[in-house]
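Novice: curious how this folds, go ahead:
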Amino acid sequence: MWYVYIIRSVSFPDQVYTGATADLKQRIADHNAGKSPHTSKFTPWELCWYCGFPDKFKALEFEKYLKSHSGRAFANKRLC
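Specialist: Numbers count the residues shown, from 1 in each chain. Here you go, the predicted model:
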């Protein structure tokens, strides 16, 4: 199972990050431990939304959509 997720910075609520992973708990822990250069300066993070997909390719397609202009608008209005 693969997951697409959205996290929001607790300290900087305007900062959100969208990603995909096979191990959601570990990935959130990695973000909060500062192991990702894109998110390390905005720790701590909280999980805002996630969705499971049966395979990696569908998850990565949806992640790509959420990172597009229309996908960000959809996420802001409907997900977080």
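Novice: in the chain, which helix is the longest?
Specialist: helix 56-66 (DSSP state H).
Novice: what does the helix or strand harbouring Trp49 rub up against?
Specialist: Using DSSP states H and E, Trp49 maps to strand 45-53. Residues outside strand 45-53 that contact it (Cβ atoms under 8 Å, 6 or more residues apart in numbering) are 1-10, 16-17, 24, 28, 31-32, 39, 59, 62, 75, 79-80. In this view, the C-beta of every residue, glycine as well, is placed from N, C-alpha and C.
Novice: low-confidence stretches in this structure?
Specialist: Low-confidence segments of the chain (pLDDT under 70): none present.
Novice: that one: helices as residue ranges?
Specialist: Using DSSP H, helices in the chain cover 24-32, 56-66, 69-74.
Novice: any chance of these in a markdown table, plus mean neighbour count?
Specialist: Conversion of the helices of the chain to a markdown table gives the following (neighbours: other Cβ atoms under 10 Å):
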| stretch | mean neighbour count |
| --- | --- |
| helix 24-32 | 16 |
| helix 56-66 | 16 |
| helix 69-74 | 12 |
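Novice: got a markdown table for those, with distance to Pro44 too?
Specialist: What follows is the helices of the chain, written out as a markdown table (distance: least, Cβ to Cβ, whole Å):
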| stretch | distance to Pro44 |
| --- | --- |
| helix 24-32 | 5 |
| helix 56-66 | 22 |
| helix 69-74 | 22 |
